[in-house]
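Asker: kindly return the folded structure for what I paste below:
(one chain, ligands or ions: 1)
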Amino acid sequence: MTDLHEAIRAWWDRDAETYDDARSHAISDPVEAAAWRRALGDALPEPPARVLDVGAGTGALSLLAAELGHRVTALDLSERMLALAARKAAERALELELVHGRAEEPPPGPFDAVMERHVLWTLPDPEGALRAWREVTAPGGRLVLFEGSWGGDGLLRRARSLAAEGLRGLLRVPDEHHAPYPEEVLPHLPLARRSSPEPMIEAVYRAGWRGVRLKRLRDVEWAQIRHSGPVLGWLEHHPRYAIVAER
Ligand SMILES: C[S@@+](CC[C@H](N)C(=O)[O-])C[C@H]1O[C@@H](n2cnc3c(N)ncnc32)[C@H](O)[C@@H]1O
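Answerer: The predicted structure is shown next:
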């Protein structure tokens, strides 16, 4: 393919138009927001810390971290995503430093924590990015990955996805994204569609981080099932977790 990053950037620029329509993307449900505040409080250093949010998108987690008293730099490849983050920051009178650029080339920092939510899977070189994030982290700083396991090719997994798709149609609940992820891009993404946190944890260690800890985010899962309703919530339920590591 001609330019992988360009294809990825174009897809997310387009997705920015409807990204925040999904409650879990925008974290607009107050119960889910409360669960994320707790998850951030558990994973990040004491505020005020210098936090880099990589692939910050429309800023849902950046803004919650800023609200908790952190000094947040939001980095993203998509200018349209960042424009929405900027608008929301202004509406909430919160301060964010916005940086348009690639996850693999973060601003120099130093940061007390580098965090991301749902970004590693869409990087062509996740290990290289994890190494670059470590370089801009201050001694004693940490890595915080908010992730989930969406993948798997099992029959049950596929049946659940199809049933969820059918139910969304029936209930007229729009899909969470404007289009499926480009099929030609997926084979270039080593961590896409994984059903276990194991490859991610291995990549974190290979990138030089130490003392990796995993914590399941059951409160976030519960909040999401609560606002999706029991049937769609169950069909679309995936394990969510925080992976935290030390520099
Ligand atoms: C699933 S969204 C997650 C957004 C945000 N972290 C959140 O939790 O809502 C993935 C984000 O990663 C960004 N992204 C994808 N590839 C990137 C790259 N190489 N460098 C920086 N950002 C990237 C996209 O533009 C998009 O905003």
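Asker: what about the protein, any weak spots by pLDDT?
Answerer: 1-2, 151-153 (pLDDT under 70).
Asker: enumerate the residues of the protein near the ligand.
Answerer: 8, 12, 25, 55-57, 60-61, 76-78, 81, 102-103, 117-119, 122-123 (CB under 6 Å from any ligand atom). Every C-beta, even on glycine, is put in place using the N, C-alpha and C of the backbone.
Asker: let's see it at 8 Å
Answerer: By CB under 8 Å from any ligand atom, the residues of the chain that approach the ligand are 5, 8-9, 12-13, 15-16, 19, 25-27, 53-61, 75-78, 81, 101-104, 116-119, 122-124, 129, 146.
Asker: which members of those residues occur in strands, if any?
Answerer: Members of those lying in strands (criterion: DSSP state E): 53-54, 75-76, 116-117, 146.
Asker: of these, closest to residue 94?
Answerer: Nearest to residue 94 out of these is residue 53 (CB to CB; 12.7 Å).
Asker: next, count neighbours for the closest residue to the closest one other than its chain neighbours.
Answerer: Counting by CB to CB, 6 or more residues apart in numbering, residue 62 is the residue found nearest to residue 53 once chain neighbours are left out, at 4.4 Å. Applying other CB atoms under 10 Å, we find 29 residues neighbouring residue 62.
Asker: ok, now the one 5 residues further on?
Answerer: By the other CB under 10 Å criterion, the neighbourhood of residue 67 contains 15 residues.
Asker: contacting residues around it?
Answerer: 37, 92, 94 (CB atoms under 8 Å, 6 or more residues apart in numbering).
Asker: tally of neighbours for residue 219?
Answerer: 16.
Asker: mind checking the backbone torsions on the closest residue to it other than its chain neighbours?
Answerer: Excluding the flanking residues, the one nearest residue 219 by CB to CB, 6+ apart is residue 35, at 3.9 Å. When read as degrees, to the nearest 10, the backbone of residue 35 gives phi -70, psi -40.
Asker: name the nearest of the contacts of residue 67 relative to residue 69.
Answerer: Closest to residue 69, out of all of the contacts of residue 67 and judged by CB to CB, is residue 94, at 10.5 Å.
Asker: can you give me the end-to-end span of stretch 9-24?
Answerer: Taking CA to CA, to the nearest Å as the measure, stretch 9-24 stretches 21 Å from start to finish.
Asker: so which residues make contact with it?
Answerer: In contact with stretch 9-24 (CB under 8 Å, 6+ apart) are residues 25-26, 28-29, 32, 57-58, 60, 76-81, 83-84, 174, 176-179, 181-182, 185, 224, 227.
Asker: write the ChimeraX selection for whichever of these are buried.
Answerer: Of the contacts of stretch 9-24, the buried ones go into a single ChimeraX selection, burial set by 16 or more other CB atoms under 10 Å:
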select :25,26,29,32,57,58,60,76,77,78,80,81,83,84,177,181,185,224
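Asker: so what's the residue count around the residue nearest to residue 219?
Answerer: 22.
Asker: list the contacts of it.
Answerer: Counted by CB under 8 Å, 6+ apart, residue 35 has contacts 217, 219-220, 222-223.
Asker: try it again at 7 Å.
Answerer: 219-220, 223 (CB atoms under 7 Å, 6 or more residues apart in numbering).
Asker: now the residues you listed as CSV including distance to residue 241 and secondary structure?
Answerer: Formatted as CSV, the contacts of residue 35 follow (distance: CB to CB, whole Å; DSSP: H, G, I helix; E, B strand; the rest coil):
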residue, distance to residue 241, secondary structure
219, 12, helix
220, 9, helix
223, 15, helix
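Asker: between the residues you listed, which is nearest the ligand?
Answerer: The shortest approach to the ligand among the contacts of residue 35 belongs to residue 220, at 11.5 Å (CB to the nearest ligand atom).
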